[in-house]
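Undergrad: Quick one, fold the following:
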Amino acid sequence: QVQLAESGGGLVQPGGSLRLSCAASGSTSSISTMRWYRQVPGRERELVATITSEGSTNYVDSVKGRFTISRDSAKTAVSLQMSSLKPEDTSVYYCNVDTISWSGVHNSWGQGTQVTVSS
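TA: A predicted model of the protein is given here:
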């Protein structure tokens, strides 16, 4: 079992930057792929960025060139560096990880952190 705790959300002006962090605890040695999602009320949760255990990354088109996902060498934390923020980036951002065990792949979510982009 893995527990996730996000931090770093807040209010930022358009064009500004913000860094989100997600710390994992528990069975962290089994963590593989790590992701950031976001969701606004009334809309489906959107996959924003992914980083595999090998370090390969992928982004939704709307954030390419502006957001960067990274993870620490111990693979127990994942960050999302967000730059050139736009009002449409306003959302609750969630950390999500896969863990691999003898019983299969398990998926865990953090509680979310609010990001508001507004002047």
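
Undergrad: so what's the residue most central in space within the chain up against?
TA: Centroid check for the chain by C-alpha atoms, centre = their mean gives residue 36 as the closest residue, at 2.5 Å. Residue 36 is in contact with 20, 22, 47, 48, 49, 69, 78, 80, 93, 94, 95, 96, counting by C-beta atoms under 8 Å, 6 or more residues apart in numbering. C-betas here are computed from N, CA, C, even on glycine.

Undergrad: do that again at 10 Å, thanks
TA: Counting by C-beta atoms under 10 Å, 6 or more residues apart in numbering, residue 36 touches 6, 20, 22, 46-51, 59-60, 63, 67, 69, 78-80, 82, 93-96, 110.

Undergrad: can you name the farthest residue from the center of the chain?
TA: Taking C-alpha atoms, centre = their mean as the measure, the residue most remote from the mean C-alpha position of the chain is residue 102, 25.7 Å away.

Undergrad: Many thanks, have a good one.
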